[in-house]
Structure formats: C-alpha cells, structure tokens
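Visitor: only the shape, not the letters, is given here:
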C-alpha cells in the first residue's frame, strides 16, 4: 500500500471473498481508531476517483480528439452554442 499513516503499517491478507487488513501502530502518536478512520477515508476517496474516471472516460476521449483533430470532430447540442468544445480553440 503506497498511502497510509506514517506511524503505522497495514498488512493486507486476501481471503476467498474478502480482504483482512491488520493495522500495527509504530508509535503512541495515533490511536487505532484514527488510523482506521483515515484509512477508510482514503479508501473511499480512491474509489470515488476511480468511479469518476470511469464515468467520464468517453468525455475525456472526445475532448482529446477535439484538441488534436478539431477539423474532424463536430459536436451537436440542443442549446445556443453549436460546439461547447470550441472553448479549447479560444473562440
């Protein structure tokens, strides 16, 4: 695990259908409750970033394609802006 508390270690064991995480404190600065709270907060953050990344994948690909090949990509919208991605060209 590349992220965690500086005064603790986490040992992750995989069971048949779950993971078991053991936290070991290396000093008396933190409590196991604060370590667990911060771990769960970061795990939730990681999962949200992954979910957002997956849900916006197609939009990012469209933006990249529009930046690299603006003459080949046109976007149709129902509002007064013909192409909202023209902002990339500074129009």
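Guide: That came in fine, so what should we check first? As the structure is a computational prediction, the values presented were derived from the model and not from experiment.

Visitor: centre of the chain to the helix or strand where residue 41 lies, how far?
Guide: Residue 41 belongs to helix 32-55 when assigned by DSSP states H and E. Helix 32-55 has its C-alpha centroid displaced from the chain centroid by 9 Å (Cα atoms, centre = their mean, to the nearest Å).

Visitor: and the next helix or strand past it?
Guide: Taking DSSP H and E, what comes next after helix 32-55 is helix 57-68.

Visitor: about what we covered before: quick check: mean pLDDT of the helix holding residue 41?
Guide: On average, the pLDDT along helix 32-55 is 89.

Visitor: how about that helix: buried residues?
Guide: 35, 39 (16 or more other Cβ atoms under 10 Å). (C-beta placed from N, C-alpha, C; glycine too.)

Visitor: and residue 9, that one's in a helix?
Guide: No. Under DSSP: H, G, I helix; E, B strand; the rest coil, residue 9 falls outside any helix and is assigned strand.

Visitor: distance of it relative to residue 22?
Guide: Relative to residue 22, residue 9 is positioned 9 Å away (Cβ to Cβ, to the nearest Å).

Visitor: neighbour-wise, which of these two wins?
Guide: residue 9 (13 against 9; other Cβ atoms under 10 Å).

Visitor: name the secondary structure element that contains the closest residue to the more buried one other than its chain neighbours.
Guide: Nearest non-adjacent residue to residue 9, counting by Cβ to Cβ, 6 or more residues apart in numbering: residue 24, 4.9 Å away. Remark: residue 24 resides in strand 19-25, with elements defined by DSSP H and E.
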